[in-house]
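>>> build me a model:
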Amino acid sequence: MAGSSHGHTPAAWTGVTIAIIGFAVAGTFMVMAQPLGFWAGMVIVALGGVVGGVMRAMGLGQPKTAHPVHQVAARPEPAGAES
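Numbers count the residues shown, from 1 in each chain. Just a heads-up that it's a prediction; the model follows:
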């Protein structure tokens, strides 16, 4: 999708960055066999989604506009039909 700005917003960058930190925390504690730390990391991952959603609601995300590929085309006329 050349020319698409999907995901290039402050909301997306912030949410993904927080989620990556959460995955790193969860992975570290998983290797150390510390379940409480693992679940704390998973909470951070979920927090990334919440923060991204709140920022999008504040207007810092991608605007909701119909993408040309996703628009439904008009119904074609049946063969032999005249207008």
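>>> apart from its neighbours in sequence, what residue is nearest residue 43?
In this structure, residue 43 finds its nearest non-sequential neighbour in residue 22, 7.4 Å apart by C-beta to C-beta, 6 or more residues apart in numbering. C-betas here are computed from N, CA, C, even on glycine.
>>> just the element for the one you found, please.
Secondary structure from DSSP states H and E places residue 22 in helix 10-31.
>>> ok, and for that helix, which residues are buried?
11, 12, 14, 15, 18, 19, 22, 25, 26, 29 (16 or more other C-beta atoms under 10 Å).
>>> could you check how far the fifth one is from residue 51?
Residue 18 is 6 Å from residue 51, where distance means C-beta to C-beta, to the nearest Å.
>>> what do you get for the second one?
Relative to residue 51, residue 12 is positioned 11 Å away (C-beta to C-beta).
>>> which residues of the protein score low on pLDDT?
1-7, 65-79, 81-83 (pLDDT under 70).
>>> try it again with 50
Within the chain, the stretches with pLDDT under 50 are 1-2.
>>> tell me where it has helices.
Here the chain has its helices, by DSSP state H, at 10-31, 35-55.
>>> elements contacting the helix holding residue 22?
helix 35-55 (3 or more C-beta pairs under 8 Å, 6 or more residues apart in numbering; DSSP states H and E).
>>> what residues are up against residue 41?
When contacts are counted by C-beta atoms under 8 Å, 6 or more residues apart in numbering, residue 41 is found next to 22, 23, 24, 25, 26, 27, 28, 29.
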